[in-house]
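A.B. asks: here is my input, please return the structure:
(chains A and B)
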Protein chains: 2
Amino acid sequence: MSTAAVAITPFAALSFEEKLDRLALVAVRVGLNLQPGQEIVVSASLEHIPFVRRITEHAYKAGANLVTTLYSDDETTLARYKYAPDSSFDFAAQWMSDGIAQAFRSNAARLGIAGANPSLLKDQDPSKVSRANIAASKASKPAMELVTRHAINWSILAGATPAWAKLVFPDLPEAEAVSKLWEAIFKASRIDGDDPVQDWKNHGANIHKRVKLLNDKRYHTLHFKGPGTDLKVGLADDHLWAGGGGVGGNGIFSNANIPTEECFTTPHKDRVNGTVSASKPLSHQGTLIENIQCTFENGRIVEANASAGQDALRKLIAVDEGAARLGEVALVPHSSPIAQSGLLFWNTLFDENAASHIALGQAYATCLIDGEHMDDAKLASKGANSSLIHVDWMIGGGTMDVDGLDADGKAEPLMRQGEWV
Amino acid sequence: MSTAAVAITPFAALSFEEKLDRLALVAVRVGLNLQPGQEIVVSASLEHIPFVRRITEHAYKAGANLVTTLYSDDETTLARYKYAPDSSFDFAAQWMSDGIAQAFRSNAARLGIAGANPSLLKDQDPSKVSRANIAASKASKPAMELVTRHAINWSILAGATPAWAKLVFPDLPEAEAVSKLWEAIFKASRIDGDDPVQDWKNHGANIHKRVKLLNDKRYHTLHFKGPGTDLKVGLADDHLWAGGGGVGGNGIFSNANIPTEECFTTPHKDRVNGTVSASKPLSHQGTLIENIQCTFENGRIVEANASAGQDALRKLIAVDEGAARLGEVALVPHSSPIAQSGLLFWNTLFDENAASHIALGQAYATCLIDGEHMDDAKLASKGANSSLIHVDWMIGGGTMDVDGLDADGKAEPLMRQGEWV
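C.D. replies: Modelled structure (predicted):
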């Protein structure tokens, strides 16, 4: 008999406000693992104001010195496409990106709230969209490098918005769709247990076990086989598998994605060959790209097709030399709760945790042994790709087999029908 | 008979949305005089989202390359006071201030939207409020110097908010108070004519005439006399009167304040003597300070009292050496439309244009002949004050007489009973 009984309200009995508050707590305590005296830079949509307020409260309770939220606004973004001069689309707020990089160098944590309208820019000139993205990516490179090198504790999680909810639940009235999407986010974000902070510890430990197994194997290549896919992904020399959170350069452990179900590593930028079909559509910077099919030769995409958004896809892989090569490969079992929800989220943060996936563009230096101390040339010599972009797309599912190959091409089964062997 | 008749809708017949749109147009075209290809950094409260959207649209139509709005949120500000650790109150987002300074150096324009809750922090620890203000002022000094030196085109105007409206119209229901405050802002901001852009040109020309007269006079000292006030304000050597807008270091004419009714210049930091009583209360950083009475000796406040907010006042003048000295003196006739409205706005942007006033703290370098090219030491040698703060307070009104004195103390009447002689 315990003398210190704690009354725990079952998740289902919580009000929406209480659930939102719990997700905010998890963002601060689990996602960022915020340390007293840290500053936080939050990026969010104006639709996330109530969620940001909850997060801010938990951040100060956890000892944050200052929380600064940078809000984006879909409406003013559209006004730019409608009214701004052509020169606008090669322009970005360099001062803001430099400021954020300075914040990161001063040990600020970064929290991103995803969930803006996935198809906001679908009716805009793809060339303007692409130019604006390139300008923004170039401007933000110094800040983003500190993120991809995991110099700081950072995390991205999601909040529902009406436009996003409508895409996920097209047949429901808006309010109901938003409510259902929030519930799906709560569940996928693993805050529906009695003790979500402990649940996240257990979940992380399970992923870490799988990561250790993969690192012990030291595969040379992964071989993906499924409908429309026969792709060999060489892994970078001295690659490291990661997943389930990790310790940043500032010594603080954080969970960079909420949810996360993946084990991921750095492929070799010159050793990818074969054909691959996306298993889910991709929402990239406001454009939907569907039924992607690509052929790789020596690491580079030599053919890229899509049934929708093909122009956006081709512009994307033309951003720079590294945009047509892989910077990440990740394994996710089909039994992942997000896959089992059966939902297509139209949002990479969720969809990438429902299926094995690959990413075009920038590699994570931290997915190489000692990579965080390597300069760009050294990283490239190991096979790590470099690009302004990093775009994940889903290739796995219940019909995907994956083999691990050693340097001599000898295969052993790693996944069968989407599940770990 | 004109063949190019333009149908003009009388202001009173416009919908609220149309009036708001007109104020947004004036902000961009008159306040900033935005030039094609310029970037804008907007600061606003979350309560100003609809107004910001109108401004953004007009900015892009005027050729802005990018509009970036930095939103503040009263609710998260209060959460900071409630939950943040003590160390938070000596901390500011240096990276953000440095980023903004970088934007200004790249010729970005600055637009501020005033109107946040004037008494937001009235229940907070004055010591924390003061520390947070000092930290913020120190952090933003590089950016604010570019503003006080008028390196760029910049403007501040106001938008109504419920908390502010309630203070101005305490007896009205909230919606009605907000609506009445907007109407007062529209009128004070001179957008209620048929052609507000032309009206502003005429208004500026009238102020410029008065400025020229004052500059031709080259007074040594102003002598303010009224109930509770007998104050001699020496003017800086080589002082310049300004008002009605001016050309910035980037060559762009802008109207820094909307509304503006004042002629202002730089007093001599060591040559202010006598006693002065405020004619209106002051809302400073969320604290209301009422019935200020100060005595100056050789430029410095030696006694400061207030019937409310005295602690905040004394903390304010203790921020640094320059905080207890004057950085601005301004003349406004009592016939100013803002004075004639009879409203107390509890907002410096309006109240300072209803009455002659003085400001504690930082002087405007542009109010000295060639001042924008002087370093800090040279500015000080002319008598220009330097401080982290710049806080205006109102001393004029319908009972104030002002004399202009030459170096020998010979007086000539400048204002009588609040009006130009």
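
A.B. asks: A:G228 contacts A:I292, correct?
C.D. replies: No: taking CB atoms under 8 Å as the definition, A:G228 is not a contact partner of A:I292, at 10.1 Å. Yep, even glycine has a C-beta here, placed from its N, CA and C like the rest.

A.B. asks: who touches both of the two?
C.D. replies: A:S277 (CB atoms under 8 Å, 6 or more residues apart in numbering or on different chains).

A.B. asks: out of the two, which sits in the busier spot?
C.D. replies: When A:G228 and A:I292 are compared for neighbours, A:I292 comes out ahead with 23 against 14, by other CB atoms under 10 Å in any protein chain shown.

A.B. asks: who are the neighbours in contact with the nearest residue to the more buried one once chain neighbours are set aside?
C.D. replies: Leaving aside its sequence neighbours, A:I292 sits nearest to A:A278 (CB to CB, 6 or more residues apart in numbering or on different chains; 3.9 Å). Contact partners of A:A278, counting by CB under 8 Å, 6+ apart, are A:291-293, A:393-395.

A.B. asks: helix or strand: which one has the residue of the stretch 1-150 of chain A found nearest chain B?
C.D. replies: Residue nearest to chain B within the stretch 1-150 of chain A (CB to the nearest CB): A:G99, separated by 2.6 Å. For A:G99, the element it lies in under DSSP states H and E is helix A:94-105.

A.B. asks: can you name every helix or strand that the helix or strand just after that helix contacts?
C.D. replies: With elements assigned by DSSP H and E, the helix or strand that comes after helix A:94-105 is strand A:109-114. Judged by 3 or more CB pairs under 8 Å, 6 or more residues apart in numbering or on different chains; DSSP states H and E, the packing partners of strand A:109-114 are strand A:39-45, helix A:49-61, strand A:154-158.

A.B. asks: hmm, 10 Å instead?
C.D. replies: Counting contacts by 3 or more CB pairs under 10 Å, 6 or more residues apart in numbering or on different chains; DSSP states H and E, strand A:109-114 is packed against strand A:39-45, helix A:49-61, strand A:66-72, helix A:94-105, helix A:126-148, strand A:154-158, strand A:253-254, helix A:348-351.

A.B. asks: mean pLDDT and mean neighbour count for these - can I get that in a markdown table?
C.D. replies: Shown next, in a markdown table, are these (pLDDT from 0 to 100; neighbours: other CB atoms under 10 Å in any protein chain shown):
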| stretch | mean pLDDT | mean neighbour count |
| --- | --- | --- |
| strand A:39-45 | 98 | 22 |
| helix A:49-61 | 98 | 23 |
| strand A:66-72 | 98 | 22 |
| helix A:94-105 | 98 | 22 |
| helix A:126-148 | 92 | 19 |
| strand A:154-158 | 97 | 24 |
| strand A:253-254 | 97 | 18 |
| helix A:348-351 | 91 | 23 |
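
A.B. asks: which stretch among the ones you listed approaches B:P196 most closely?
C.D. replies: Nearest to B:P196 among the helices and strands packed on strand A:109-114 is strand A:66-72 (29.5 Å), distances taken as CB to CB.

A.B. asks: would you list the strands that the closest one pairs with, along with their directions?
C.D. replies: Paired neighbours of strand A:66-72 in the sheet (DSSP bridges): strand A:39-45 (parallel).

A.B. asks: quick one, what contacts the residue nearest the centre of chain A?
C.D. replies: What sits nearest the mean C-alpha location of chain A, by CA atoms, centre = their mean, is A:L349, with 4.6 Å. By CB atoms under 10 Å, 6 or more residues apart in numbering or on different chains, A:L349 lies in contact with A:112, A:114-115, A:156-158, A:185, A:188-189, A:257-260, A:338, A:392.

A.B. asks: and for A:V319?
C.D. replies: Residues in contact with A:V319 (CB under 10 Å, 6+ apart) are A:130, A:133-134, A:137-138, A:360-361, A:387-389, A:391.

A.B. asks: go again with 8 Å.
C.D. replies: A:130, A:133-134, A:137, A:361, A:387-389.

A.B. asks: format those residues as CSV; extra columns: distance to A:R105.
C.D. replies: Shown next, in CSV, are those (distance: CB to CB, whole Å):
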residue, distance to A:R105
A:S130, 30
A:N133, 25
A:I134, 24
A:S137, 20
A:G361, 23
A:S387, 22
A:L388, 20
A:I389, 23
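
A.B. asks: of all the contacts of A:A278, which two lie farthest apart?
C.D. replies: The distance between the two most remote of these (CB to CB) is 13.0 Å, for A:Q293 and A:M394.
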